[in-house]
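Asks: Sequence and predicted structure below; questions after.
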Amino acid sequence: MTTNNNSGVSRMTSKTARKLGALSLASLSLAACSKDTLNITNPNAVTVENAASDPQTLALQAAGLMRQNRGSLNTFQQNTGIFGRESYSYTPAEGRNTSHFLIGFPGQNRLDPGGFAAGGSWNAPYANLRDIFNFKKTVEASIAFTDAQKKAALGFAKTLEAFELLFVVATRDSLGGIVQINEDPQELAPFVSRDSMYKYILNTFDAAQADLVAAGTATFPFTLHAGYAGFNTPATYIRFNRALAARAAAYYATAGGGTAAWERARTALDASFINTAANTTAALNAGVYNVHGAAPDVPNPFNMVTNTTTFAHMSIRADAPLKADGTFDNRYLAKIGTRAESNAPQGLGIPSSLGFNMYPAVATQTPIVRNEELILLRAEILLALGDKAGSLAMINLIRTVSGGLAPSTLTTASSDADFITEILLQKRYSLLLEGHRWVDMRRYGRLNQLPIDITTGVNTHFVARVQPIPQAECLQRAGLTGALAGPGC
């Protein structure tokens, strides 16, 4: 050890030096007596090689993937809730929740690609996709698990991979996105078209299913959280995988996939946990959920205890179906309540006296996919494949059991457009604030039917037709640092 006169470190004394010299000799002596040298690793820089021999590491990685997927879904629900005129987020300290989502570039009817609303359903999914890539590497290199356990883990990871990509493609346009994760995170993977993204997503869901089947009777080499109750073995997790695959195939069908995609959606749905004999609300609510909790966990973002800034759009009450006795639909009564805080930010939003009641506590679970969605998805699929009678049966099941309504006045002679109108109405109230309305209206070309609350002046609202590729992504690829002249990539 050497020092200079200007340092704050005292000069080493000769006595200290002699002691260190003796210790060094002792260390050399020990090394000479052993065939192996000490191998000290940095616990804060875990590598795939380290993790491959430690089962606990994989369990922690799996927990992290589920946590991050929860974050992707919650952000998706919050963003699409605003876009779809289901909710407003009136946060006093964050005005961009109204200005960026409802106004964007003033007078241009588009979101700012460099703004607050552009990164949603992009940044979080791709962050988790990197971790999924590393998780799969850990599984493949593992020396601690059987081949069947590896297949189970890979089926789990590929399901989440496809799910994360679905957030991206469902919110973007024909420019598409990125499906490839490179070993070197500095190496930018190319964009692929929206059509190619959907094909990759569906094939990844199918590859996950094949891995889960190959796992046989093996268990996952980690524990799924309580929201996966009933779907926490490879054999039962397949039914969750098939439910998401059916959703993705239906999205693709309306994005150009056509009849073949609808058939693929029906096949996936048949292998899911759909229960068309459901005759209770509990049976409709069966499914997979995300868990929440008080700190240090993340609370339900829409809970009634700590969230005082999320309001329901007033059109939810105006458009609510009525039961035979003239009272509101049961779904409206269960999910919507009044809010005392009724003043929106001046000039940016609109007043609302409505809030959401379906998440009463910080630990209330939020749905990932429920049987009620699958039944309405069945209605979509059957209509698209020419079975109006079957579609109407699914519609009426939801109307009567979930809404307490009379059966629909639709008949098999009604137009496809009228059927779609009815299906979208039922999805609106059955799946309120679960991340569906804006996506559904967008894929059926009906965004012009969403209300625009302020129609004149500098703060005129618009309905977002697409979330742009974040400008930071475009700048990085162009090797630029300033604002782009155009709207995005």
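Replies: Alright, I've got the coordinates. Computed from a predicted structure; not experimentally measured.
Asks: make it CA atoms for all contacts and neighbour counts henceforth
Replies: Will do.
Asks: how close does the most centrally placed residue in the chain sit to residue 168?
Replies: Computing the C-alpha centroid of the chain and ranking residues by C-alpha atoms, centre = their mean puts residue 73 first, at 2.6 Å. Relative to residue 168, residue 73 is positioned 11 Å away (criterion: C-alpha to C-alpha, to the nearest Å).
Asks: which element is the residue nearest to the centre of the chain on?
Replies: Taking DSSP states H and E as the definition, residue 73 sits inside helix 55-83.
Asks: So for that helix, mean pLDDT?
Replies: Per-residue confidence for helix 55-83 averages out to 94 on the pLDDT scale.
Asks: same deal with stretch 470-481?
Replies: Model confidence over stretch 470-481 averages 82 on the pLDDT scale.
Asks: Could you list the buried residues of it?
Replies: Buried residues in stretch 470-481, counting neighbours by 16 or more other C-alpha atoms under 10 Å, are found at 470, 471, 472, 473, 474, 475.
Asks: Settle this for me: residue 152 is touching residue 236, isn't it.
Replies: No - the pair residue 152 / residue 236 is not scored as a contact, 11.3 Å apart, by C-alpha atoms under 8 Å.
Asks: So for the two, which sits in the more crowded spot?
Replies: Neighbour tally, residue 152 and residue 236, criterion other C-alpha atoms under 10 Å: the higher count belongs to residue 152, 31 against 16.
Asks: tell me the contacts of the more buried one?
Replies: With C-alpha atoms under 8 Å, 6 or more residues apart in numbering as the criterion, the residues that contact residue 152 are 211, 212, 214, 215, 218, 219, 220, 221, 234.
Asks: where in the stretch 151-300 of the chain is pLDDT low?
Replies: Along the stretch 151-300 of the chain, segments meeting pLDDT under 70 are nowhere present.
Asks: Looking at the contacts of residue 152, which are in helices?
Replies: For those, the ones inside helices are 211, 212, 214, 234, with DSSP state H as the criterion.
Asks: which residues of the chain fall in strands?
Replies: 87-89, 287-290, 310-312, 336-338, 354-356, 366-370 (DSSP state E).
Asks: Neighbouring strands - and their directions - for the last one?
Replies: Paired with strand 366-370 in the same sheet, following DSSP bridges, are strand 287-290 (antiparallel).
Asks: and the buried residues of stretch 470-481 as a markdown table, adding distance to residue 277?
Replies: A markdown table is the format used below for these (distance: C-alpha to C-alpha, whole Å):
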| residue | distance to residue 277 |
| --- | --- |
| 470 | 44 |
| 471 | 48 |
| 472 | 49 |
| 473 | 47 |
| 474 | 49 |
| 475 | 52 |
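Asks: which of the ones in helices among the contacts of residue 152 lies closest to residue 349?
Replies: Nearest to residue 349 among the ones in helices among the contacts of residue 152 is residue 234, at 46.6 Å by C-alpha to C-alpha.
Asks: got the contact list for the residue nearest to that closest one when sequence neighbours are not counted?
Replies: Taking C-alpha to C-alpha, 6 or more residues apart in numbering, and ignoring the residues beside it in sequence, residue 234 has residue 212 as its nearest neighbour in space, at 5.3 Å. Contact analysis of residue 212 by C-alpha under 8 Å, 6+ apart lists 151, 152, 154, 155, 156, 234, 235, 237, 238.
Asks: Just to check, residue 359 is in contact with residue 302?
Replies: Yes - the pair residue 359 and residue 302 passes the contact test of C-alpha under 8 Å, sitting 6.5 Å apart.
Asks: can you map out the helices along the stretch 201-350 of the chain?
Replies: Under the criterion DSSP state H, counting those that start in this stretch, the stretch 201-350 of the chain contains helices at 234-252, 258-270, 281-285, 315-318, 330-335.
Asks: winner for burial among these?
Replies: Stretch with highest mean neighbour count among the helices of the stretch 201-350 of the chain: helix 234-252 (a mean of 25; mean count of other C-alpha atoms under 10 Å).
Asks: and the angle for that helix with strand 366-370?
Replies: 80 degrees (axes from the mean of the first three to the mean of the last three C-alpha atoms, to 10 degrees).
Asks: and helix 234-252, how far out from the chain's middle?
Replies: 14 Å (C-alpha atoms, centre = their mean, to the nearest Å).
Asks: Show me what it is packed up against.
Replies: Counting contacts by 3 or more C-alpha pairs under 8 Å, 6 or more residues apart in numbering; DSSP states H and E, the secondary-structure elements packed against helix 234-252 are helix 147-169, helix 194-214, helix 258-270, helix 371-384.
Asks: thinking again about what came up before, mind checking the helices of the stretch 201-350 of the chain for the one nearest to residue 95?
Replies: Comparing the helices of the stretch 201-350 of the chain by C-alpha to C-alpha, helix 315-318 comes nearest, at 22.1 Å.
Asks: Using PDB, write out every CA atom in that closest one.
Replies: Taking only C-alpha atoms (Å, rounded to 0.1, in the frame of the first residue of the first chain), the coordinates of helix 315-318 have been written out as PDB:
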ATOM      1  CA  SER A 315     -71.000   8.000 -19.800                       C
ATOM      2  CA  ILE A 316     -70.900   4.700 -17.900                       C
ATOM      3  CA  ARG A 317     -74.000   5.700 -16.100                       C
ATOM      4  CA  ALA A 318     -75.700   7.400 -19.100                       C
END
